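Undergrad: what follows is a predicted structure for the sequence shown.
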There are 4 protein chains.
Amino acid sequence: MARTIGSHGPTTLEAIRKAGVRLIFEHGYEAMSLRQLAAEVGIQAGSLYNHISTKQDLLFDLVQDHINDLLRELDLALEGKADPGEKLRAFVAFHVTYHMTRKREVFIANSELRSLDAKNYDAVVALRGAYEQRLAQILTDGVADGAFEVVDIQVATFAILALLTGLCTWYRPGGRLTRDAIIAAHEKLVLSGVAPRAAIGQASHGSDSRRAAVAGS
Amino acid sequence: MARTIGSHGPTTLEAIRKAGVRLIFEHGYEAMSLRQLAAEVGIQAGSLYNHISTKQDLLFDLVQDHINDLLRELDLALEGKADPGEKLRAFVAFHVTYHMTRKREVFIANSELRSLDAKNYDAVVALRGAYEQRLAQILTDGVADGAFEVVDIQVATFAILALLTGLCTWYRPGGRLTRDAIIAAHEKLVLSGVAPRAAIGQASHGSDSRRAAVAGS
Amino acid sequence: MARTIGSHGPTTLEAIRKAGVRLIFEHGYEAMSLRQLAAEVGIQAGSLYNHISTKQDLLFDLVQDHINDLLRELDLALEGKADPGEKLRAFVAFHVTYHMTRKREVFIANSELRSLDAKNYDAVVALRGAYEQRLAQILTDGVADGAFEVVDIQVATFAILALLTGLCTWYRPGGRLTRDAIIAAHEKLVLSGVAPRAAIGQASHGSDSRRAAVAGS
Amino acid sequence: MARTIGSHGPTTLEAIRKAGVRLIFEHGYEAMSLRQLAAEVGIQAGSLYNHISTKQDLLFDLVQDHINDLLRELDLALEGKADPGEKLRAFVAFHVTYHMTRKREVFIANSELRSLDAKNYDAVVALRGAYEQRLAQILTDGVADGAFEVVDIQVATFAILALLTGLCTWYRPGGRLTRDAIIAAHEKLVLSGVAPRAAIGQASHGSDSRRAAVAGS
DNA sequence: TATGAATGAGAATTCATTCAT
DNA sequence: TATGAATGAATTCTCATTCAT
């Protein structure tokens, strides 16, 4: 905290992490070389080892920290929300916002799981499971009190997460749409998506074939 | 004539492609070594070059062939469908089915785009754009005749594709759900998701904030 | 000789040798691959082995045949020449002409000796020695009867051969000079070069240091 | 401070260059493997890349440095020489001396040009042209003031260079002849070779055919 | 005689990591 | 804490050669 000039320790580590996120996002973990990373930071490759212990460890730290942040901030965002609809809307808004702000960390955490070795993989998947569980619980509650209707909670959980997370493959700051517009667009899809069938049945051009499919599931 | 020992002719190429898909799916393109691939096929690494011209080319061929198949089969699946609702349902059913059957090719085509070099990347992105365009057109038509309501067509296109494609990160044949159940679950989410707001509005616990956001988009 | 249609044996071998000369001249023996060579000829690499026994053997044959031709034709060119001056002029004219006509073979025979394995190298060097010996003998005779003056016969032999052979690093058919002009230019240098010192001494700006050096040799 | 174990710093690069010159001289650039080179230096193949950037670059550096040295030292050797005869004698003495001292670099610079890629080749050929130009100018001046007579300056330039450079294919230190004797032998050939025809004409056994050829050039 | 596929060795180069300074 | 040099294993890819068909 009271760091004197010349002590670059934390600064350097931060620079490594920042550059690491960027390079892994752009090239992938396997394709990023530590020489590249060091060059980006402005040091020699060997010097990285004064700050990280391993390339694998750097990845793990980045991913783990991200998911921990995600979880913590989600819980803040859901705080005080009572009914499932409100919660789901908060979830969507939070998830979309977070993914717009930190899309590179998000992307890495989703696409580089396979580059984690077994132990690290398990740890991260456990954390991710906790996050998924938050959404699954919201859906379960909503279905229980009749606010939502889904064919399968598990599938819906995965599908909604995929839908929301897809954002970080195309979002670029300064694009055509405002943050709110993007949130609204996702909110519409998700909230409508889990809305009870009855409500939409009237307006829909629904066919028997669809009903049959659903019934058959 | 009826050769069985070793791997010869088109058989070998097929074996290379099959093993390639599996290894890239499991480890990623960068992480798959040609030694590994060759070992899987049962030949020496150098012998691969009797069948492929480059590791990069193998990836490109796999991805391109997949997307071409996807497009061709989609058009077959949509043939004869008239109204947007019917089309969207057909799209969902087709996409989900295809992704269950060939989830590894699908996964590769989505996750290894960044491993393609510039020229190949552009070619694949163009093809993928054509596929996205099919869905965008369905949504556009549905919105035009009032069957659908979405906040933003572009966003909805990407989101729905992400939702459907997410399937291949968790689907395993022989799982808890039947093929039809999985299709139905996705159909519900997508069809409801684009259903006109009016119909669901009553059932929804909609908040002012959301309406404002939508209005502002 | 009485070859029937369909028998391409000698034709193919000739094509291989021709292409081989060109490729070795352009890229060097080590840098020429048999795949390249085969492609040039229009066959598969494996098929080369119906005509040659080894890459090394191809090189050896090309070089050996060239030197044999060189020797045989030199003897024809020197036939009937009596005095050393006449012989030397004939040698120059022959060597230059031959090197203009077959500069690629010549170049290979000079630059790829080191790519020959020990046995082949020795054989070729022996043949080359015979050729050098022809020139050495001419010089020896000329010196003996006072027609020539050289400081050292061995050195003069190598130097004159290098001078003449240098031609094939710059000569291109259809250049600025006619064949005769090129011969004349070399003849002047060589014939003057071995002319007795006395004759030129007057015209030369000879220094004592040079005389001393010569005396000391 | 006084490090002696292993090879470090500029020492290693120097060792690589020295070993490189020797190996390329002996086997040719294409035939020298970096494993070989590294073994010669006493390091692992990969470690070479701490000192050079590419095999091609090593060759280029060796060749370029050699030609730069050659040019610089030639200009020193010619300094203060006034008339063409004196200059030509100085040129011969310098060239021969240099080629005896650094025959391997010289040989490489002459025989491995074709192994340079286009850009490097052009750079080296430009430098070499500057060197050739020095000799061409001496000949031009000598012809202008009547001290020399040559049939064609261009051809004479190439021929004399080839004559002198040929040295490095046979010269071995500690051979039969002293340095001075070798210089004298080449001086005699070159100086006589460009001496005016008139002076030698008397002593020569010149034939009409030769005169005709020269006249016709 | 030609082919296509295979081999096994070897090419240049890159990599994560270590360590004396 | 940084450096520069080293390591040894691994990378993609090429090569001359073989051989069943």
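TA: Okay, I see it. Numbering: from 1, shown residues only, chains lettered A, B, ... in the order given.

Undergrad: which residues sit in contact with the residue nearest the centre of chain A?
TA: Closest to where the C-alpha atoms of chain A average out (CA atoms, centre = their mean) is residue A:106, at 4.9 Å. Contacts for residue A:106 were tallied using CB atoms under 8 Å, 6 or more residues apart in numbering or on different chains; they are A:66, A:98, A:99, A:165, A:168. Bear in mind the C-beta positions are built from the backbone N, C-alpha and C, glycine included.

Undergrad: please pull up the helix or strand immediately following the longest helix seen in chain A.
TA: In chain A, with assignment by DSSP state H, the single longest helix is helix A:118-144. Heading C-terminal from helix A:118-144, the first helix or strand you meet, by DSSP states H and E, is helix A:153-165.

Undergrad: is that next one anywhere near chain B?
TA: Yes - shown here: helix A:153-165 in contact with chain B (CB under 8 Å from any CB of the partner chain) through A:154, A:155, A:156, A:158, A:159, A:160, A:161, A:162, A:163, A:164, A:165.

Undergrad: which residues are contacting that helix?
TA: Under CB under 8 Å, 6+ apart, the answer for helix A:153-165 is A:92, A:95-96, A:99, A:106, A:110, A:132, A:135-136, A:139-140, A:143, A:150, A:186, A:189-190, A:193-194, B:159-160, B:162-167, B:169-170, B:176-177, B:182, B:185-186, B:189.

Undergrad: put the buried members of those residues into a PyMOL selection.
TA: Only the buried members of the contacts of helix A:153-165 enter the following PyMOL selection, criterion being 16 or more other CB atoms under 10 Å in any protein chain shown:
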select buried, (chain A and resi 92+95+96+99+106+110+132+135+136+139+140+143+150+186+189+190+193+194) or (chain B and resi 159+160+162+163+164+165+166+167+169+177+182+185+186+189)
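
Undergrad: what helices or strands is the longest helix of chain A leaning on?
TA: Helix A:118-144 sits against helix A:55-78, helix A:84-101, helix A:153-165, with contacts defined as 3 or more CB pairs under 8 Å, 6 or more residues apart in numbering or on different chains; DSSP states H and E.

Undergrad: can you count the residues close to the residue in chain A positioned nearest to DNA strand F?
TA: Nearest residue of chain A to DNA strand F (CB to the nearest atom of the strand) works out as residue A:46 at 2.5 Å. Residue A:46 is flanked by 10 other residues according to other CB atoms under 10 Å in any protein chain shown.

Undergrad: against residue D:47, how distant is it?
TA: Separation of residue A:46 from residue D:47 (CB to CB, to the nearest Å): 14 Å.

Undergrad: do the same with residue A:21
TA: 32 Å.

Undergrad: tell me which of those two has more neighbours.
TA: residue A:21 (18 against 14).

Undergrad: now that one. Nearest residue, chain neighbours left out?
TA: What sits nearest to residue A:21 in space, not counting adjacent residues and going by CB to CB, 6 or more residues apart in numbering or on different chains, is residue A:104, at 5.1 Å.

Undergrad: tell me who's in contact with that neighbour.
TA: By CB under 8 Å, 6+ apart, residue A:104 lies in contact with A:21, A:22, A:25, A:168.

Undergrad: contacts only, for the second one.
TA: Going by CB under 8 Å, 6+ apart, residue A:22 touches A:40, A:104.

Undergrad: confidence score at residue A:197?
TA: Residue A:197 is assigned a pLDDT of 81 by the prediction.

Undergrad: go ahead and confirm it touches residue B:195.
TA: No - between residue A:197 and residue B:195 there is no contact under CB atoms under 8 Å: 9.7 Å.

Undergrad: so between the two, which is more surrounded?
TA: residue B:195 (29 against 19).

Undergrad: just read off the phi/psi values of that one.
TA: Main-chain torsions, residue B:195, degrees, to the nearest 10: phi -60, psi 150.

Undergrad: these two touch, right, it and residue B:149?
TA: Yes - using CB under 8 Å, residue B:195 is in contact with residue B:149, at 6.9 Å.

Undergrad: any regions of chain A where pLDDT drops low?
TA: A:1-10, A:198-217 (pLDDT under 70).

Undergrad: helix or strand: which one has the residue nearest to residue A:21?
TA: Per DSSP H and E: helix A:103-111 holds residue A:104.

Undergrad: what's the domain layout of chain A?
TA: Using automatic domain parsing, the domain parsing of chain A gives A:7-52, A:59-216.

Undergrad: buried residues, whichever strand or helix holds residue A:18. List them.
TA: Secondary-structure element containing residue A:18, defined by DSSP H and E: helix A:9-27. Buried residues in helix A:9-27, counted by 16+ other CB under 10 Å: A:12, A:13, A:15, A:16, A:17, A:19, A:20, A:21, A:23, A:24, A:25.

Undergrad: what helix or strand is residue A:175 located in?
TA: Per DSSP H and E, there is no helix or strand for residue A:175.

Undergrad: ditto for residue A:40
TA: helix A:34-41.

Undergrad: in that helix, which residues are buried?
TA: A:34, A:37, A:38, A:40, A:41.

Undergrad: what's the closest of the residues you listed to chain C?
TA: Using CB to the nearest CB, residue A:34 comes nearest to chain C of the buried residues of helix A:34-41, at 34.7 Å.

Undergrad: one step back: tell me which of the helices and strands packed on helix A:118-144 is the most buried.
TA: Mean neighbour counts were compared across the helices and strands packed on helix A:118-144 using mean count of other CB atoms under 10 Å in any protein chain shown; the top stretch is helix A:153-165, at a mean of 23.

Undergrad: so residue A:31 is in contact with residue B:30, correct?
TA: Yes - judged on CB under 8 Å, residue A:31 makes contact with residue B:30 at a distance of 4.8 Å.

Undergrad: so what sits against both of those two?
TA: residue B:115.

Undergrad: any idea how far residue A:89 lies from residue B:52?
TA: 50 Å.

Undergrad: same question for residue A:133.
TA: 44 Å.

Undergrad: what sits against the closest residue in space to residue A:123 that isn't next to it in sequence?
TA: Nearest residue to residue A:123 in three dimensions, chain neighbours excluded: residue A:64, at 6.8 Å (CB to CB, 6+ apart). By CB under 8 Å, 6+ apart, the contact set of residue A:64 is A:120, A:123, A:124, A:127.
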